[in-house]
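Visitor: Got a sequence here, can you model it:
(chains A and B)
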Amino acid sequence: MKLIFRPYSKTSFGLSLGLTVFYLSLLVIIPLSALFFKSATLGVSGLWEVFSEDRIQQALYLSFGAGGVAAIINLFVGFLFAWVLVRYDFPGKKILDSLVDLPFTLPTAVAGIALTTIYAPNGFIGKYLTPYGIKIAYTPIGIVIALVFIGFPFVVRTVQPILEDLPKELEESAYCLGASRFQTFTRVILPELIPSLLAGTSMAFARGIGEYGSVVFISGNLPGKTEILPLLIVTKLEQYEYAKATGIAVLMLVLSFTIMFGINYLQNRASRRLG
Amino acid sequence: MKVKSNHSVLRSIAKGIGILALTSIFSLSAYADDTLLNVSFDPTRELYEEINKKFVEAWKKKSGKNLTIQQSHGGSGKQARAVIDGLEADVVTLALAYDIDSIVTNSGSVSKDWEKAFPNHSTPYYSTIVFLVRKGNPKAIKDWDDIVKPGIGVITPNPKTSGGARWNYLAAWGFAKKKYKTEEAATEFVKNLYKNTSVLDTGARGSTTTFVQRGIGDVLLAWENEAELALSESRKANGGTAQFEVVYPSTSILAETPVALVEKVAAKKGTTEVAKAYLEFLYTKEGQEIVAKHFFRPNDAAILKANVAKFPKLQLFDVRSIEGSWAAAHKKHFADGGLFDSIYGEAKK
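Guide: So this is what the prediction gives:
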């Protein structure tokens, strides 16, 4: 019985906990509290001034809006990818599977430049859309495309292993009990996948909000139209407005944390229901 | 039980720190006495490669010592910030005086009257803002007035993030103020300019890419040397004929690109003498010729004259004549709530 409560010896746990806490404070807690302290030099009214700036609010809507839209697109596209990769066999599957990781390995600036080359009005795809008055690069649509690109491996890679490990018997018994294909999917498979789908989507969303490299190339950076929050932080830094820059960072941090917390809560509830 | 476990957590943290301290032994590399770090901005990369080579030779001849010069390039504002945050530059050679002023106010490692330390407001070479248009100049762009006409696509970076973009902005502003006399008219002029802008890249090089590679816009506002570089690249890619032309407006800004000695760092590293000599080298005949070769305008009147084909004469005004100083110009135009913000706020509507 004792073994179950304490499977590993206490000393090694102590050391690993110590290292974990030390690393975490060095890499996350100390820098983040420095962020708060720096922005505190602005005072409440200064912070409020930062948040009430028109440009910042518009960038805020754009960053979170585009991040959200991209995450939802990724939810569907990523799920489809994971499904195809797990359920079907076809030539070139291995290559496709490794291509999924490409957005992870590619420097995002490279992705941004490549996407802009394709979607610019004289680009490979852009030139066919321009005659119909459709603009992609230098509009919010371009931003969404960049964010879909950099976010989609998250959904695929979180859903894939769960889908792989799903016992065949579950579906077989559903069939035996007379469920239709659609019912099996919505009632049996989907509930199992929801926690991982949520996790993947939230990671894609998180990545999208903070993304800088790929977006600055495709967005055009027009104030109030296609300016994202991370760009505004850079803007403030270029003017040596350190406190204001950290003010925006704190705003992003608080909002992201709230959203992540909400998603985690949903995810926990979903997995608990499966129990 | 609880107290004890708290205790053990603390102890294990202490243990963790101990282990880390043991494993991470930082090798403190000693400073070689003859190493200089020049922190500069983007378009000077090729210029300083050549300057450094020549200066190392000259220094060897003069003092018998070997010298290594390291270069660091990036956006001018970013580079200044790195120096403020502790990058140990011996000298800075940046895109605008405002960035060096910021080092003075934010870290004090550069002396307050750096502008008087070297001739010509510490500006060994300068540049100006010109237009790059498409081959044959299809929109017939001749001067500043032509680029604010409706329907002209203008490419310029964002003044909030780019030093070059601030020069572009002030060049247009200065032209309008001189021609139309009032501040309102100048504001109107700049507003129309940004109405014609559909992409604001974060840096000068990005804007060049947008114009040259993506084929967006009719006119690119660019550093003179950047325009020449784009031209020669295009010539290379298209077998000798460029896809672009440089248009020299009737008047433009004297874009002073200043240099300064980072005194505190140099004193600490014991490189004051060589760092000073390095900056002075830029003013010598040899230095000035290299400067001209890389399309920066040399101070030396004779060398400028010898390169008249490269640097057509145009009327230049400096920031002091239109706004008093860089600090004043920055505050009025580019700081938060400044004219650029309000111009953009209205241009959008």
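Visitor: show me where pLDDT drops low in chain B?
Guide: Within chain B, the set of residues satisfying pLDDT under 70 comprises B:1-33, B:346-349.
Visitor: CA atoms only for the strand ranked longest in chain B, dumped as CSV, please.
Guide: Using DSSP state E to define each element, chain B has its longest strand at strand B:125-134. Output of strand B:125-134 as CSV, limited to C-alpha atoms (Å, rounded to 0.1, in the frame of the first residue of the first chain):
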residue,chain,number,x,y,z
TYR,B,125,29.0,61.0,-43.9
TYR,B,126,25.4,61.6,-44.6
SER,B,127,22.7,60.5,-46.9
THR,B,128,19.4,61.8,-48.2
ILE,B,129,15.9,60.6,-49.1
VAL,B,130,15.2,59.9,-52.8
PHE,B,131,12.4,58.3,-54.8
LEU,B,132,12.6,54.9,-56.4
VAL,B,133,10.1,54.5,-59.2
ARG,B,134,9.3,51.8,-61.7
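Visitor: partner strands of that strand, parallel or antiparallel?
Guide: Strand pairing for strand B:125-134, determined by DSSP bridges: strand B:219-223 (antiparallel), strand B:244-247 (antiparallel), strand B:251-256 (antiparallel), strand B:297-298 (antiparallel).
Visitor: Please provide the alpha-carbon coordinates for the helix or strand just after the first one, formatted as CSV.
Guide: Of the helices and strands lying after strand B:219-223 in sequence (DSSP states H and E), the nearest is helix B:224-237. Coordinates of each C-alpha in helix B:224-237 appear next as CSV, following Å, rounded to 0.1, in the frame of the first residue of the first chain:
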residue,chain,number,x,y,z
GLU,B,224,19.9,57.2,-51.3
ASN,B,225,22.2,54.3,-50.8
GLU,B,226,19.3,51.9,-50.3
ALA,B,227,17.8,53.0,-53.6
GLU,B,228,21.2,52.6,-55.4
LEU,B,229,21.6,49.1,-53.9
ALA,B,230,18.1,48.1,-55.1
LEU,B,231,19.1,49.4,-58.5
SER,B,232,22.3,47.5,-58.8
GLU,B,233,20.6,44.3,-57.5
SER,B,234,17.9,44.7,-60.2
ARG,B,235,20.6,45.3,-62.8
LYS,B,236,22.3,42.1,-61.7
ALA,B,237,19.1,40.1,-61.8
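Visitor: Output the contacting helices and strands for helix B:224-237.
Guide: With contacts taken as 3 or more C-beta pairs under 8 Å, 6 or more residues apart in numbering or on different chains; DSSP states H and E, helix B:224-237 sits against strand B:125-134, helix B:204-212, strand B:219-223, strand B:244-247. (C-beta placed from N, C-alpha, C; glycine too.)
Visitor: Kindly tell me how buried the residue of chain A found nearest chain B is, as a neighbour count.
Guide: Closest to chain B within chain A is A:Gly18: 2.9 Å, counting by C-beta to the nearest C-beta. By the criterion of other C-beta atoms under 10 Å in any protein chain shown, A:Gly18 has 23 neighbours.
Visitor: what does the average pLDDT come to for the helix or strand where it lies?
Guide: Assigned by DSSP H and E, A:Gly18 belongs to helix A:10-24. Taken as a whole, helix A:10-24 carries a mean pLDDT of 80.
Visitor: How far off centre is the host helix or strand of A:Phe154?
Guide: Assigned by DSSP H and E, A:Phe154 belongs to helix A:140-165. Centroid separation for helix A:140-165 versus its chain: 8 Å, with C-alpha atoms, centre = their mean, to the nearest Å.
Visitor: repeat for stretch B:128-146
Guide: Per C-alpha atoms, centre = their mean, the centroid offset for stretch B:128-146 relative to its chain is 23 Å.
Visitor: Which positions within it qualify as buried?
Guide: Within stretch B:128-146, the residues that qualify as buried are B:Thr128, B:Ile129, B:Val130, B:Phe131, B:Leu132, B:Val133, B:Arg134, B:Asn137, B:Lys139, B:Ile141, B:Trp144, B:Asp146, counting by 16 or more other C-beta atoms under 10 Å in any protein chain shown.
Visitor: Tell me the one among these nearest to chain A.
Guide: Taking C-beta to the nearest C-beta as the measure, B:Arg134 is the one of the buried residues of stretch B:128-146 closest to chain A, at 12.1 Å.
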